[in-house]
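[1] next one to model:
(chains A, B, C and D)
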Number of protein chains: 2
Amino acid sequence: MASDPDDPGRPAPRGAPLLADVARLAGVSEITASRVVRGTGRVSAATRARVMAAVEAVGYVPNRLAGALASSGSMLVGVVLPSLANIVFAEVLRGIHAGLAGSGFQPVVGVSDYDPAAEESVVRAMMAWQPRAMIVAGFEHTAPARDLLAAGGLRVAEIMDIDTAPLDVAVGLSHDRAGAATAQHLLAKGYRRFGYVGHDWARDVRARHRFEGARRVLAAQGLDFVAVRRAEGPSTVQAGRAMLAALLAGGGEPDVVMFSNDDMAVGGVFHCMAAGLEPGRDLGLFGFNGLEIGDALPRRLSTVRSNRFLIGRSAAEAIIAAPRRPAAVQVIDTGFTIEPGETA
Amino acid sequence: MASDPDDPGRPAPRGAPLLADVARLAGVSEITASRVVRGTGRVSAATRARVMAAVEAVGYVPNRLAGALASSGSMLVGVVLPSLANIVFAEVLRGIHAGLAGSGFQPVVGVSDYDPAAEESVVRAMMAWQPRAMIVAGFEHTAPARDLLAAGGLRVAEIMDIDTAPLDVAVGLSHDRAGAATAQHLLAKGYRRFGYVGHDWARDVRARHRFEGARRVLAAQGLDFVAVRRAEGPSTVQAGRAMLAALLAGGGEPDVVMFSNDDMAVGGVFHCMAAGLEPGRDLGLFGFNGLEIGDALPRRLSTVRSNRFLIGRSAAEAIIAAPRRPAAVQVIDTGFTIEPGETA
DNA sequence: CTGTTAGCGCTTTCAT
DNA sequence: ATGAAAGCGCTAACAG
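    Prediction:
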């Protein structure tokens, strides 16, 4: 520990400034500097000012790795979504950001690509960062992923859907009921010959729940879908357009077509335009989600508004409301709204 | 340090299993267990197997907070994007994921909402997690944000745009040239009376660069835009529709309209449909980006394809290629392609 | 209001 | 091929 005559004690400041540098410059102990930086504990205004000045002077950026390790709490919220290429999840994420704003929590986002195995590895990777909470889409987890989430004692919000019992908190809407409400609405408008155009149910179980909810209502009236077509892949405008063309070519003569979501339905609208059919007059078209584009169409798309932003925000708020998992699970229904529109 | 008679030494395993638990179960030291878990250093096959079994048995998930702190390197890549509500950035993010796949790096995403001050605070928050690299959209940073990125010695990719000199690596396309190429293409098709429908340039400087590139080409022919309309807010389909209506009502009689991007252009297409105009015959419409929806329209949208996925992937690859910032800055041009389409 | 002490869980040297 | 010791940078507990 002997001082080198050339070096006044400092052990080569090879990296970024540390809390110790701030403390030294401000003439206080590290812990006092730490308290000022974090804004916790009693510190006199004068010391606070000196420390803040020192922070500015050296350009101190706290190392949260060390902070989180020392306090065993990371202020991180893991968010695992199936995809970001889908605007719906981007809006959920905006809601999460909004719900977390000002709380000091930071979201860390992972994408599962609709694959439970990929989700498991994302969850595992996130748990390694010791998040205080996790927000995951849906209930379809692998057993190990579920175990990881169930252990850890962190808050877990399962979002989008409330048709299954959650681990901790569920935030979303009942897709079964949304499908049923859609069918009821269309029956009330006089439609009787229902067609369905969807996409891959393995990727999107919620779409299947909506279908089943609708089918149940139809069955109660002694009806069933007269024509059904599902694309292999994910929902796209192109797929919706192609599938509606195929559905109409295939017979059954539906008077209304329910689409798995708005992307598909917009494709359906485009097919009608190209085929010289007037949506809402020659054929009813009905979507799901209430995306912006539906409102911009020459005729406003008839659809169900899901409150994506609200789902994200509610989930974030729910998990930061209590640091520990409550004894009873909680279900937050963010609801849905039928948007009559002009295409059905 | 005296052992409590009731407690055989272990200080209450209140949390998740630690590396020490794995090591104890496998009958090795912590460091050996660590080597196996990380896959580094020489370890005999037999020991490796025992440790792996122990990992499985106790359900060990490494604490990367501690790992990163000890090794002063986090395997985190900070990604700061203006928005995720825009599919373009979602695709960039997919590219980043793809470029990072298998490298062990993990992206941490932040959103700036097109606000440099918000970007600064996101950058600051990210730096606190000691990322090895940062990927940020554009060059418009506050001075402190730029300083943070410039210091730290980490790799920094500035993406989307290559019209400005980067700090380290730039990955994207020249929006100026894309605008110029668009104007040239439309001139070659015989259009002479150019209109422009755009959105807020403060939020999207790249849109302005495209406009200016086009205007330069027009000027070289002694031409200029005959009508220009810009929405106040962000680009939306609705805004595109409304602004085209306003533009056409305002006179100038353009024979072609360049839109700031595809979202706006799709709105333009919708306006034409509602107004009984045939895009590509009665009025040329031209977008930017090459989104999926443009291809699904009754008439394929004429546009410029920007390679968003490639931008993300190239940026990720560039920053993991070398751990240190090279002496010379690097520019990666991901190019663009004119998609003739059917609307211009 | 401020400081001292002892870690957080892991990985880096060195040894062996 | 394996291990012992010494931190990484910060913060929770106590003290004063």
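[2] wouldn't residue A:241 be in contact with residue A:270 here?
    Yes: if you go by C-beta atoms under 8 Å, residue A:241 and residue A:270 touch, sitting 5.0 Å apart. Heads up, the C-betas are built off the backbone N, CA and C, glycines and all.
[3] these two - which one has more neighbours?
    Looking at residue A:241 and residue A:270 with other C-beta atoms under 10 Å in any protein chain shown, you find the greater number of neighbours at residue A:241, namely 26 against 22.
[4] which ones are touching the spatially closest residue to that one that is not a sequence neighbour?
    Residue nearest to residue A:241 in three dimensions, not counting chain neighbours: residue A:267, with 3.6 Å by C-beta to C-beta, 6 or more residues apart in numbering or on different chains. The neighbours of residue A:267, taking C-beta atoms under 8 Å, 6 or more residues apart in numbering or on different chains as the test, are A:236, A:237, A:238, A:239, A:240, A:241, A:242, A:243, A:244, B:296.
[5] quick revisit: common neighbours of residue A:241 and residue A:270, please.
    residue B:296.
[6] contacts only, for residue A:104.
    Applying C-beta under 8 Å, 6+ apart, the residues near residue A:104 are residue A:75.
[7] for the residue nearest to residue A:103 when sequence neighbours are not counted, what are phi and psi?
    Distances taken as C-beta to C-beta, 6+ apart place residue A:320 nearest to residue A:103, at 5.1 Å, with adjacent residues excluded. Here is the backbone geometry of residue A:320 (degrees, to the nearest 10): phi -90, psi -10.
[8] so residue A:320 versus residue A:107, what's the distance?
    Residue A:320 sits 11 Å away from residue A:107, going by C-beta to C-beta, to the nearest Å.
[9] what segments of the stretch 101-250 of chain A are helices?
    Under the criterion DSSP state H, counting those that start in this stretch, the stretch 101-250 of chain A contains helices at A:116-127, A:143-150, A:175-188, A:205-220, A:237-249.
[10] can I get those in JSON lines including distance to residue B:18 and mean pLDDT?
    Putting those into JSON lines (distance: least, C-beta to C-beta, whole Å; pLDDT from 0 to 100) gives the following:
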{"stretch": "helix A:116-127", "distance to residue B:18": "14", "mean pLDDT": "93"}
{"stretch": "helix A:143-150", "distance to residue B:18": "16", "mean pLDDT": "93"}
{"stretch": "helix A:175-188", "distance to residue B:18": "41", "mean pLDDT": "98"}
{"stretch": "helix A:205-220", "distance to residue B:18": "37", "mean pLDDT": "97"}
{"stretch": "helix A:237-249", "distance to residue B:18": "49", "mean pLDDT": "97"}
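[11] okay, now the residue nearest to residue A:103: neighbour count?
    Neighbourhood size, residue A:320 [other C-beta under 10 Å]: 17.
[12] so who does it touch?
    A:99, A:100, A:103, A:105, A:133.
[13] in contact with the second one, which residues?
    Applying C-beta under 8 Å, 6+ apart to residue A:100 gives the contacts A:77, A:106, A:107, A:316, A:320.
[14] for those, which one is nearest residue B:69?
    Among these, residue A:106 lies closest to residue B:69 (C-beta to C-beta), at 17.5 Å.
[15] could you find the closest non-adjacent residue to the most centrally placed residue in chain A?
    In chain A, the residue lying closest to the centroid (C-alpha atoms, centre = their mean) is residue A:92, at 3.9 Å. Excluding the flanking residues, the one nearest residue A:92 by C-beta to C-beta, 6+ apart is residue A:312, at 4.1 Å.
[16] the helix or strand hosting residue A:311 - what's its average pLDDT?
    Assigned by DSSP states H and E, residue A:311 belongs to helix A:308-321. Averaging pLDDT along helix A:308-321 gives 96.
[17] and the nearest residue to residue A:216 once chain neighbours are set aside, what does it touch?
    Spatially, and ignoring its direct neighbours in sequence, residue A:216 is nearest to residue A:180 (6.2 Å; C-beta to C-beta, 6+ apart). Residues counted as contacts of residue A:180 (C-beta under 8 Å, 6+ apart) are A:213, A:214, A:216, A:217.
[18] re the thing from before, could you measure from the residue nearest to residue A:103 over to DNA strand D?
    Distance, residue A:320 to DNA strand D, by C-beta to the nearest atom of the strand, to the nearest Å: 17 Å.
[19] name the element the residue nearest to residue A:241 belongs to?
    Taking DSSP H and E as the criterion, residue A:267 maps to helix A:262-275.
[20] show the subsequent helix or strand relative to that helix.
    Taking DSSP H and E, what comes next after helix A:262-275 is strand A:284-286.
[21] show me what that following strand is packed up against.
    Contact analysis of strand A:284-286 by 3 or more C-beta pairs under 8 Å, 6 or more residues apart in numbering or on different chains; DSSP states H and E lists helix A:175-188, strand A:256-259, helix A:262-275 as its packing neighbours.
[22] can you list contacts of the helix or strand following that strand?
    Using DSSP H and E, the helix or strand that follows strand A:284-286 in sequence is helix A:292-296. The contact list for helix A:292-296 (C-beta under 8 Å, 6+ apart) reads A:262, A:265-266, A:287, A:300-301, A:303, A:339, A:341, B:236-238, B:240-241, B:266-267, B:270, B:293.
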